[in-house]
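Visitor: All I have is the shape, not the residue letters:
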C-alpha cells in the first residue's frame, strides 16, 4: 500500500503510527519520520502546493524507492497552509521485511520531499515579514547521494 495525503488540517502522529498498514507476517520493520516546524526566528510557515500534481510527484518518488528497496508499504502525510512553530509538518512511514530497506527508503523519500517535491514554503519572521524559502544546500547535497532518480 502506497499512500500520499496532503492535509490542510493538523494530523495525529500517534494515530498515524498506530494505523499504518503492515503485512501480518511479512513486515519486520517500520521506519517513521516526523518533521516539525522549527520556531527559530519565525512566527509561522506557510506551504502551498498544486493539487493533484503534488500528490502524484510524491507517489512517483515512493515508487522509485520501491524499485530500489523491497518495501511493502509507504505513507506520506504532508501539511499545507499556515502552520505555527512546533506543529507537525510531515509524517512518513515505510514498512519492509528488514530495517535496512525501511531506513534507506524512508531517507530517500524524505530527501525528495525536502528538495524536489512541488511544495512551496514561505516563512513569516517575528516582525511579520514573509519571505520565500529555498531548499538548503545541505538538503540538496543529501539528495544528490541517490543520483538522478532522487530528484526526478
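Guide: Yep, that arrived. Quantities reported herein were computed from a predicted structural model and do not represent experimental measurements. Residues are numbered from 1 along each chain as shown.
Visitor: Give me the contacts around stretch 105-115.
Guide: 31-33, 35, 58, 61-62, 64-66, 68-69, 71, 74, 76, 78, 90, 92-94, 96, 119, 135-136, 139-140, 142-143, 146, 150-151 (Cβ atoms under 8 Å, 6 or more residues apart in numbering). In short, each C-beta sits where N, CA and C put it, glycine included.
Visitor: Buried ones from these, can you make that a PyMOL selection?
Guide: Restricted to buried positions by 16 or more other Cβ atoms under 10 Å, the PyMOL selection for these reads:
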select buried, resi 31+32+33+58+61+62+64+65+66+69+71+74+76+78+90+92+93+94+96+119+139+142+143+146+150+151
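Visitor: Can you list which of the contacts of stretch 105-115 are found in helices?
Guide: Mapping the contacts of stretch 105-115 onto helices (DSSP state H) picks out 58, 61, 62, 64, 65, 66, 68, 139, 140, 142, 143.
Visitor: need these in JSON lines with distance to residue 125 and pLDDT, can you?
Guide: Converted to JSON lines, those look like this (distance: Cβ to Cβ, whole Å; pLDDT from 0 to 100):
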{"residue": "58", "distance to residue 125": "29", "pLDDT": "97"}
{"residue": "61", "distance to residue 125": "31", "pLDDT": "96"}
{"residue": "62", "distance to residue 125": "34", "pLDDT": "97"}
{"residue": "64", "distance to residue 125": "36", "pLDDT": "96"}
{"residue": "65", "distance to residue 125": "35", "pLDDT": "96"}
{"residue": "66", "distance to residue 125": "40", "pLDDT": "96"}
{"residue": "68", "distance to residue 125": "39", "pLDDT": "96"}
{"residue": "139", "distance to residue 125": "21", "pLDDT": "80"}
{"residue": "140", "distance to residue 125": "23", "pLDDT": "86"}
{"residue": "142", "distance to residue 125": "26", "pLDDT": "82"}
{"residue": "143", "distance to residue 125": "27", "pLDDT": "85"}
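Visitor: Nothing else from me, thank you.
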